[in-house]
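In: Sequence unavailable; structure follows:
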């Protein structure tokens, strides 16, 4: 059954710098289960894009297959979207990003889509440092096919109708770090105050920005035996610190105390202010980030927040030295050297 | 020549050339100006009857022209739908698109033997050289056949006409299941008696000798009355 989202909005909804209200960033009404963590993440994406004043048509949203990958329908209704093949979203984003570097690429995937079917693609898109935001809505199960364990389900964790999982879990943040991601964060769908600034920072980062968002499946994996339930994640979540995101255009009005905060300027001139809780973690050092992930895993906790940021990131376009003008705007005159040049090349090979 | 021969050696081709008259054709694209002027846009909307719909590039216009490509059922404006009639309409459009494509795909290449014959061969791709050599060899024995190289699917009308004007056509292909022959039978409803298979699937490229041997086997077989049919005829008293 199809439903229409109500069009009525409060006439005094706040507008951003472009004159858009938050409603301009919303999508169709969600058909996910009531209480699904994915809908909270969609809400965080809407808020982040609205507050960053990004033109909706300058965003491309892409996904694979699964509950998570259905989600792009439910946000950014004025953006181009592409629901690709299972686990193949990174390839489609790579092609689109190489054709037009001027858009902001937002990839949405799930734990099955990324850690199983699309593991190869995930590893290589991180390694190539494609300029994109990659959000995994991680519920530890295949919700669309009745809740089978996925590859991110912890050993010993059990879903509503399942036995305890007998396999090791894949830590997607650790994998992303090992593969060369230049921005790695983890958050929780139930913690918008942490998630929204992380999404904003990821959108301002130049390079592969990965956010693993633990997002409980209310239908199949929200029981007391699951380590991906609301209750478990709330009790075992340990934040690296809190962050504030200040866009380039905004004047910094809040007073930040130098002793307990760290300002990081991103490529587009925006700043993030990082308040560290865990002094042993240096989020600008990959080795430190990997150790912190492992330490928290051994202690049975979930490390959230900004885990790693490479301030000197060089994205795929920079590495390939591609044209500043998007490739899809170039014509024969720019791209085709003609038959005379081809004959010269042929001659040089003889 | 085996796959290993091809893979382990350098292979030469004729020098490549570029036709400077060629222009890039990016298909049916609606521009920002057209959207601004109110041109109706639907990603799956057939506005001119050829069943090929216009598209937009991402980021073209602030409020018009964006669409969401999805695997689930959608209407002409790329909006999710579960209405049966909208799904059916889109599927019928795809069928019409198939008809449009018929006119654009590369046509077949026909080689007439120059003699009066009711027999022909039909092949595609890398079977061509061996097939042509086999035909030369058969011609030297007085067996003449016309030939056609099929270059695209869906098939052009010429393919159908070519098969229709011959009594028997040998379909040469390099797979176990006679896939081209199956397609021809399904598309044009030719009977199995008209289309005879010449196959090679032993892991090596089909040779002219192999083609010649298989065709001759078929031709010779026509002159022999099978034993069980002969016996049946005797029992029926036809030969008494």
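Out: In hand now; what should we look at? None of the values given here were measured: they were computed from a predicted structure. Numbers count the residues shown, from 1 in each chain, chains lettered A, B, ... in the order given.
In: hey, where'd the strands end up in chain B?
Out: Secondary structure of chain B (DSSP state E): strands located at B:68-69, B:109-111, B:119-123, B:146-149, B:168-173, B:195-199.
In: I'd like to know which of these is closest to residue A:141.
Out: strand B:68-69 (25.7 Å; CB to CB). Bear in mind the C-beta positions are built from the backbone N, C-alpha and C, glycine included.
In: residue ranges with poor pLDDT in chain B?
Out: For chain B, the stretches with pLDDT under 70 are B:1, B:221-240.
In: Contacts for the lengthiest helix in it, please.
Out: In chain B, assigned by DSSP state H, the helix with the most residues is helix B:84-102. Counting contacts by CB atoms under 8 Å, 6 or more residues apart in numbering or on different chains, the residues outside helix B:84-102 that touch it are B:44, B:46, B:50-53, B:73-76, B:81, B:154-157.
In: let's see 7 Å
Out: B:44, B:46, B:50, B:51, B:52, B:73, B:75, B:154, B:156 (CB atoms under 7 Å, 6 or more residues apart in numbering or on different chains).
In: which residues does the closest residue to the last one other than its chain neighbours contact?
Out: Counting by CB to CB, 6 or more residues apart in numbering or on different chains, residue B:107 is the residue found nearest to residue B:156 once chain neighbours are left out, at 5.1 Å. Taking CB under 7 Å, 6+ apart, we find residue B:107 in contact with B:151, B:156, B:158.
In: The longest helix of chain B: which residues count as buried?
Out: Residues of helix B:84-102 classed as buried: B:86, B:90, B:93 (neighbour count, 16 or more other CB atoms under 10 Å in any protein chain shown).
In: quick one: the last one from chain A, how far?
Out: Going back to what we said before, that points to residue B:93. Distance of residue B:93 to chain A, computed by CB to the nearest CB, to the nearest Å: 20 Å.
In: pLDDT weak spots in chain A?
Out: A:1-4, A:248-261, A:276-277.
In: what secondary structure does the spatially most central residue of it sit in?
Out: Geometric centre of chain A, nearest residue: residue A:135, 2.5 Å, by CA atoms, centre = their mean. Under DSSP: H, G, I helix; E, B strand; the rest coil, the three-state class of residue A:135 is strand.
In: quick one on the thing from earlier: so what does the residue nearest to residue B:156 look like in phi/psi?
Out: The phi/psi pair for residue B:107 (degrees, to the nearest 10) reads phi -80, psi 170.
In: Okay, it and chain A: tell me how far apart.
Out: Per CB to the nearest CB, residue B:107 is found 26 Å from chain A.
In: one step back: which ones among the contacts of residue B:107 are found in helices?
Out: Here DSSP H is the test, and the contacts of residue B:107 give residue B:158 as lying in helices.
In: Give me every residue in chain B lying close to chain A.
Out: Chain B has residues B:15-18, B:20, B:23-24, B:57-59, B:61-63, B:66-71, B:80-82 near chain A, with proximity defined as CB under 7 Å from any CB of the partner chain.
In: if you set the cut-off to 8 Å instead, what comes out?
Out: B:15-20, B:23-24, B:57-63, B:66-72, B:80-83 (CB under 8 Å from any CB of the partner chain).
In: Compute the number of surrounding residues for the residue lying closest to residue A:139 once chain neighbours are set aside.
Out: Leaving out its chain neighbours, the residue that sits closest to residue A:139 by CB to CB, 6+ apart is residue A:217, at 3.9 Å. Look at residue A:217: counted by other CB atoms under 10 Å in any protein chain shown, it has 29 neighbours.
In: List the contacts of residue A:217.
Out: Taking CB under 8 Å, 6+ apart, we find residue A:217 in contact with A:33, A:36, A:37, A:67, A:139, A:140, A:141, A:143, A:147, A:159, A:228.
In: Three-state assignment for the last one, please.
Out: It refers to residue A:228. Note that with three-state DSSP, the state of residue A:228 is coil.
In: Same question for the one 3 residues further on.
Out: Each residue gets one of three states, and residue A:231 gets helix by three-state DSSP.
In: sec struct for the closest residue to it other than its chain neighbours, please.
Out: Take residue A:231 and drop its neighbours on the chain: the residue closest to it by CB to CB, 6+ apart is residue A:224, 6.9 Å away. Counting by three-state DSSP, the backbone at residue A:224 sits in coil.
In: Residue A:224 contacts residue A:235, doesn't it?
Out: No. Using CB atoms under 8 Å, residue A:224 is not in contact with residue A:235; the gap is 11.0 Å.
In: hey, where'd the helices end up in the chain?
Out: Using chain A. A:37-51, A:67-70, A:89-99, A:111-112, A:119-127, A:172-179, A:192-204, A:230-236, A:286-298, A:316-320, A:332-335, A:338-348.
In: ah, I was thinking of chain B
Out: Along chain B, the segments classed as helices by DSSP H run B:3-8, B:32-36, B:84-102, B:128-140, B:157-164, B:179-188, B:208-221, B:227-235.
In: Residue A:37 is in contact with residue A:190, correct?
Out: Yes. Using CB under 8 Å, residue A:190 makes contact with residue A:37 at a distance of 6.9 Å.
In: And these two? Which one has more around it.
Out: Higher neighbour count among residue A:190 and residue A:37: residue A:37, with 27 against 17, using other CB under 10 Å.
In: how close does the residue nearest to the centre of chain A sit to residue A:62?
Out: Separation of residue A:135 from residue A:62 (CB to CB, to the nearest Å): 11 Å.
In: what's the answer for residue A:349, then?
Out: In this view, residue A:349 and residue A:62 are 40 Å apart by CB to CB.
In: Who has more neighbours out of the two?
Out: Between residue A:349 and residue A:62, counted using other CB under 10 Å, the more crowded position is residue A:62 (27 against 7).
In: Identify the residues contacting that one.
Out: Each residue near residue A:62 by CB under 8 Å, 6+ apart is listed here: A:72, A:81-84, A:89, A:92-93, A:96, A:105-108.
In: rewinding a little: make a markdown table out of the strands of chain B and add mean neighbour count.
Out: Shown next, in a markdown table, are the strands of chain B (neighbours: other CB atoms under 10 Å in any protein chain shown):
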| stretch | mean neighbour count |
| --- | --- |
| strand B:68-69 | 18 |
| strand B:109-111 | 14 |
| strand B:119-123 | 24 |
| strand B:146-149 | 20 |
| strand B:168-173 | 24 |
| strand B:195-199 | 20 |
